[in-house]
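> Here's my sequence, what's the structure:
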Amino acid sequence: MTLIYLFIFSIFLFFVSFFWKTIKRILRFRKFDNKIPGPPTSPILGNVQTFRNKSTVELNQIFLDAAEKCRNSKSNYMKYRILDKLFVLPLNGKSAAKILESSSELNKGDDYDFFEPWLGGGILVGRGEEKWRTHRKLLTPSLHFAKLEGYLEVFNTESRVRKLL
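The predicted structure is shown next:
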């Protein structure tokens with residue numbers, strides 16, 4: 001009987017050690033679950049049950065309903081959590097601008113690791129603020145408004161859809 005308990009305990013330890021990074025991230029995001037409005041989450045799975053066996057149309061309606069509830073509660077953000085991934089969605093232009101204009105969080109998420117072998121460590125998937133700033137300083141002069149102004153007529157001509165009809 002003791003051998004069975006020891007075996008079960010060792011399997012439990014194996015799973016905890018194997019999924020430790022995920023468990024740690026889930027526990028960290030649990031702090032934010034109560035602070036950011038959004039649908040209720042389960043402790044481990046998050047909002048996975050909400051998305052299970054739903055069509056694209058149903059998922060779209062679920063997102064719209066949740067966004068409407070958050071807007072009615074005067075919130076500018078809403079959240080969804082799927083396992084150890086927390087998604088914070090801005091609900092208006094001001095909150096989106098606040099996120100996009102911020103330079104405090106420039107590190108990419110773990111999802112970008114998938115593309116790194118193909119794209120290398122450039123500005124798209126590179127990690128670290130220093131590399132991003134260096135590359136941005138190289139690119140910014142070529143994308144300056146004064147240089148792009150010469151292409152404005154070409155952009156307008158080529159983007160006209162009526163000529164295609």
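
> Under the pLDDT cut-off, which ranges of this protein? List them.
For the chain, applying pLDDT under 70 flags the ranges 105-108, 123-129, 161-165.

> at 50 what do you get?
The model of the chain has no residue with pLDDT under 50.

> where along it do the strands fall?
For the chain, the strands defined by DSSP state E occupy 77-82, 85-90.

> Can you give the strand pairings for the last one, parallel or anti for each?
Each strand that strand 85-90 pairs with, and the sense of that pairing, follows from DSSP bridges: strand 77-82 (antiparallel).

> List the buried residues for the partner strand?
For strand 77-82, a neighbour-count test (16 or more other CB atoms under 10 Å) marks 77-81 as buried. Using the backbone N, CA and C atoms, a C-beta is placed for each residue, glycine as well.

> Output that strand as CSV, restricted to C-alpha atoms.
Written as CSV, here are the backbone C-alpha positions of strand 77-82 (Å, rounded to 0.1, in the frame of the first residue of the first chain):
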residue,chain,number,x,y,z
TYR,A,77,-9.8,46.8,-21.2
MET,A,78,-11.0,43.2,-21.0
LYS,A,79,-9.1,40.0,-20.4
TYR,A,80,-9.2,36.4,-21.5
ARG,A,81,-6.9,33.7,-20.1
ILE,A,82,-6.2,30.5,-21.8
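
> ok so, going back, just curious, which of the buried residues of strand 77-82 is nearest to Ala67?
Met78 (6.0 Å; CB to CB).

> now that closest one: how far from Gln49?
Using CB to CB, to the nearest Å, Met78 is found at 17 Å from Gln49.

> can you count the residues close to Leu76?
Actually, residue 76 is Asn rather than Leu. Burial of Asn76 is recorded as 15 neighbouring residues (other CB atoms under 10 Å).

> now it: how far from Val154?
38 Å.

> How about Ser55?
From Ser55 to Val154 the distance is 42 Å (CB to CB).

> and what of Trp20?
In terms of CB to CB, Trp20 sits 54 Å off from Val154.

> How is this structure partitioned into domains?
With domains defined by automatic domain parsing, the chain comprises 1-102, 103-160.

> how long is the last one from one end to the other?
From its first residue to its last, domain 103-160 covers 35 Å (CA to CA, to the nearest Å).

> and the gap between the residue nearest to the spatial centre of the chain and Phe15?
For the chain, the residue sitting closest to the mean C-alpha position, by CA atoms, centre = their mean, is Phe87 at 5.0 Å. Between Phe87 and Phe15 the computed distance is 26 Å (CB to CB).
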